[in-house]
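S.K.: from the sequence below, what's the structure:
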Amino acid sequence: MWPTTSPPSAFIERRRRLQAKLKGPALFVSGFSRPRNFAGNRYPFRAESHFLYLVGRTIEGAVLLVTPDQALLYAPEPDPEEELWTGAMPSFDELSEAAGLSVRPLEELEVAPDTVSLPAQDWDGALFQSELLGRDIDPGSGPEVEGATAALADAMIELRLQQDEAAILQLRQAAWATAAAHRAGLSVTRPGLREAAVRAAMESAFGEWGYAASYNPIVTTRGEVLHAERSDLVMRNGDLLLVDVGAETPEGWAGDVTRTWPVSGVYSPTQRAVYEVVLSAQAAALACVRPAVRYLDVHRAAGRAMVSGLVDLGILRGDPGELFELGAAALFFPHGVGHLLGLDVHDMEDLGDRAGYAIGRERATRPSDRYLRLDRDLLPRMALTIEPGFYQIRRLLDRPEEVGALEPFLCRDVLEKFADVRGIRIEDDVLVTEHGSEVLSADIPKRVDDIEALAREARQVAN
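M.R.: I've put the predicted structure just below:
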């Protein structure tokens, strides 16, 4: 599926909704590409997400100025010298037609003293903002904004929390490309290959359709490392491969899916047992996803199911409800059950807990909840992830200050029998509907029997 572009009407309507919330002018910068070692060797450019939401096009060095009465895009004029190296740049007329607004040369931009702007995420963008606004801007300081800037942040949060039809189509396309990647990754997984071979196959699967990675892919047999950055180990029989890979559409909308499959193609009895516990925890969380449900309760449903399953396996002993209240889930499932999803893979986290937490709510201190990125009541058309996991993290399990009062309830002799389970995470992209939810990534297999069947088919084809 080659990605489609959103119609100009979608961006016109988003800007109109923003205009209705403004009391004065607001400025959005697209940002700049960053050099990699030297100026001519640059990282791929991706515009700031708030700019993308309102314009939908990646235009380096551009500025969108929105007032209660109008919206204007200011962009650098096409540079013949630059075009010699990078190809033709879109004309102002082409940009105007694509984004549905008037486009003017950047030199014509005049910024009123009361103009507000959300901080850019990189130093070059923030420096550019500082020059335009005549005041210092620190990159990525969204959580600390005050006054009119805070009002702009709240307006953007309100707009972006519930996805419009154009955004939902983009998320569906990202999920499709992500599914293609996961199937490709499973099909090439073999003992003796490096993790990097799987990662390469997955990025190729969506790259050939015009998608990019929405974040640095995690492809690792060290599943207990939550954000493992390297994929250089050789995969061996008995390993589980944790694969956290998502595709991004050209407009910036993200997929974010994790699966964990056996390198050999068959789960061991212990791996299957723990996998089923994680899958049950995800099912418990998904069953809660519907409008008006507090996301903290979704997270805790996963935690309770996790503890109950570990008691059934004998890894924990005692009453599951009491163990959960003691924080037992955090010993093996220390992170939150998910986060907002949209233009950012962790949507709007540039605005910190201001976006993720409803007014009057703040992060809990108890271990089971302290890393939760989202605590809002769910609304129709919110997009989010559900991703419980089980990890044997020595930093947690070997430190008395982490285990604390749970030590008498932790059956370490039984846990040793599950040594071949280093980490399992199961993650899906979910859209809240009017009466429940839809799993956008449902085409990516996650049942044990389905994964093993696909692995067998892939080996038969290879042979």
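S.K.: what sits against residue 279?
M.R.: 426, 446-448 (CB atoms under 8 Å, 6 or more residues apart in numbering). C-betas here are computed from N, CA, C, even on glycine.
S.K.: among the residues you listed, which are in helices?
M.R.: residue 448 (DSSP state H).
S.K.: which members of the contacts of residue 279 are classed as buried?
M.R.: For the contacts of residue 279, a burial check counting by 16 or more other CB atoms under 10 Å picks out 426, 446, 448.
S.K.: hmm, the first one is touching residue 278, no?
M.R.: Yes - applying CB atoms under 8 Å, one finds residue 426 in contact with residue 278, separated by 5.4 Å.
S.K.: need the overlap of contacts for these two.
M.R.: 260, 388-389.
S.K.: a markdown table for the residues you listed, including distance to residue 332 and neighbour count?
M.R.: What follows is the shared contacts of residue 426 and residue 278, written out as a markdown table (distance: CB to CB, whole Å; neighbours: other CB atoms under 10 Å):
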| residue | distance to residue 332 | neighbour count |
| --- | --- | --- |
| 260 | 14 | 26 |
| 388 | 10 | 30 |
| 389 | 8 | 26 |
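S.K.: now render these as TSV, adding pLDDT, secondary structure and distance to residue 94.
M.R.: What follows is the shared contacts of residue 426 and residue 278, written out as TSV (pLDDT from 0 to 100; DSSP: H, G, I helix; E, B strand; the rest coil; distance: CB to CB, whole Å):
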residue	pLDDT	secondary structure	distance to residue 94
260	98	strand	45
388	98	coil	46
389	98	strand	45
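S.K.: in TSV: the residues you listed, plus distance to residue 270.
M.R.: Formatted as TSV, these follow (distance: CB to CB, whole Å):
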residue	distance to residue 270
260	14
388	18
389	16
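S.K.: from these, pick the one nearest residue 13.
M.R.: Ranked by distance to residue 13 (CB to CB), the shared contacts of residue 426 and residue 278 are led by residue 388 at 36.1 Å.
S.K.: for the closest one, give its distance to residue 411.
M.R.: Distance, residue 388 to residue 411, using CB to CB, to the nearest Å: 21 Å.
S.K.: for residue 9, same thing?
M.R.: Applying CB to CB to residue 9 and residue 411 gives a distance of 60 Å.
S.K.: neighbour-wise, which of the two wins?
M.R.: residue 411 (16 against 10; other CB atoms under 10 Å).
S.K.: tell me which residue is most central in the protein.
M.R.: residue 345 (2.3 Å; CA atoms, centre = their mean).
S.K.: and for that one, nearest residue in space, chain neighbours not counted?
M.R.: residue 254 (4.3 Å; CB to CB, 6 or more residues apart in numbering).
S.K.: look up phi and psi at that neighbour.
M.R.: The phi/psi pair for residue 254 (degrees, to the nearest 10) reads phi -110, psi 150.
S.K.: surely it meets residue 248?
M.R.: Yes - Residue 254 sits in contact with residue 248 when judged by CB under 8 Å, with a separation of 5.2 Å.
S.K.: which neighbours do the two have in common?
M.R.: With CB under 8 Å, 6+ apart as the test, residue 254 and residue 248 both reach 174, 214, 345.
S.K.: where do the strands sit along the stretch 101-250 of the chain?
M.R.: 102-105, 116-117, 212-213, 218-220, 240-245, 247-248 (DSSP state E, counting those that start in this stretch).
S.K.: count of neighbours near residue 45?
M.R.: When counting by other CB under 10 Å, one arrives at 14 neighbours for residue 45.
S.K.: doesn't residue 58 make contact with it?
M.R.: Yes - using CB under 8 Å, residue 45 is in contact with residue 58, at 6.3 Å.
S.K.: spit out the contact partners of residue 386.
M.R.: By CB under 8 Å, 6+ apart, the contact set of residue 386 is 282, 285-286, 289, 298, 302, 337-338, 427-428, 430.
S.K.: in strands only, show me these.
M.R.: 428, 430 (DSSP state E).
S.K.: which intervals of the stretch 101-250 of the chain have sub-threshold pLDDT?
M.R.: Applying pLDDT under 70 to the stretch 101-250 of the chain flags the ranges 141-144.
S.K.: please enumerate the helices of it.
M.R.: Ranges of helices within the stretch 101-250 of the chain are 123-133, 147-161, 165-188, 195-207, based on DSSP state H, counting those that start in this stretch.
S.K.: residue contacts, residue 287?
M.R.: residue 301.
S.K.: care to break the chain down by domain?
M.R.: The chain resolves into domains spanning 8-161, 165-462 when parsed by automatic domain parsing.
S.K.: between those domains, which gets nearest to residue 2?
M.R.: Nearest to residue 2, of the domains of the chain and by CB to CB, is domain 165-462 at 5.8 Å.
S.K.: that closest one: end-to-end distance?
M.R.: Taking CA to CA, to the nearest Å, the first and last residues of domain 165-462 lie 41 Å apart.
S.K.: what is the neighbour count of residue 356?
M.R.: Per other CB under 10 Å, the neighbour tally for residue 356 reads 23.
S.K.: same question for residue 290.
M.R.: Each residue near residue 290 was counted by other CB under 10 Å, and the total is 16.
S.K.: pretty sure it sits against residue 438.
M.R.: No - the pair residue 290 and residue 438 fails to qualify as a contact (CB under 8 Å) at a distance of 10.9 Å.
S.K.: quick one: residue 258 from residue 319, how far?
M.R.: Plainly put, residue 258 is 30 Å away from residue 319 if you go by CB to CB.
S.K.: got the contact list for stretch 441-456?
M.R.: 175-176, 178-179, 182-183, 186-187, 189, 255, 257, 259, 261-262, 265-267, 272, 275-276, 279, 426, 428-429.
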